[in-house]
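K.L.:
Pasting the sequence and the predicted coordinates here, then a few questions.
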Amino acid sequence: MGDKLVRVGTTYIPVTDVDQSAEWYVKNLEAALSYKDTDKAILNFANQSFFLVKSNENVTANFKDKNGNERFSITFEVDGLHALAKLHKEFQQSGVKVCEIEDRGHAGRNFVFYDLDKNKFDVWSELSPTFKEKFK
């Protein structure tokens, strides 16, 4: 791997209500709130910073692929199938909108979940070997 880009430091997520969304991320994703004003909140979780940026209604980080399917822009990783199933159950019990656990034909399993503004996220049961080697 080259040294030009070392890691993803910040991801920006559009939200309509900064206060309410920050609360949701802290409660459901165990994010650490490091800054908040009327236009943005800075949260730290999953080894990076996320900026929740006040946006207009019906704006999400999702996009449509060439076939018109709505796609997520972020996949989070957990360490194994047990961790994936446990998180899926926790989300369901907390009222987070989640889809079923899927077998997509590659290693591990995935599920999709949504935040309050319908930003779509993916969770994968396979923790990156590079991450495991460096940080576990």
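P.N.:
Looks like it arrived, so ask away.

K.L.:
C-alpha from now on. contacts and neighbour counts both.
P.N.:
OK.

K.L.:
next one: phi and psi at the residue most central in space within the chain?
P.N.:
Centre of the chain computed as the mean C-alpha position; nearest residue by CA atoms, centre = their mean is F121, 4.8 Å away. When read as degrees, to the nearest 10, the backbone of F121 gives phi -130, psi 150.

K.L.:
residue boundaries of the strands in the chain?
P.N.:
Taking DSSP state E to define them, one finds strands in the chain at 10-15, 32-36, 40-45, 48-54, 63-64, 70-71, 75-77, 97-98, 110-114, 120-124.

K.L.:
okay, now L127: neighbour count?
P.N.:
A count of nearby residues for L127, using other CA atoms under 10 Å, gives 14.

K.L.:
Let me know the pLDDT of it.
P.N.:
In this model, L127 is scored at 78, pLDDT.

K.L.:
show me what contacts it?
P.N.:
77-80 (CA atoms under 8 Å, 6 or more residues apart in numbering).

K.L.:
got the strands of the chain as a markdown table, with mean pLDDT columns?
P.N.:
What follows is the strands of the chain, written out as a markdown table (pLDDT from 0 to 100):
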| stretch | mean pLDDT |
| --- | --- |
| strand 10-15 | 97 |
| strand 32-36 | 98 |
| strand 40-45 | 98 |
| strand 48-54 | 97 |
| strand 63-64 | 97 |
| strand 70-71 | 96 |
| strand 75-77 | 95 |
| strand 97-98 | 98 |
| strand 110-114 | 98 |
| strand 120-124 | 97 |
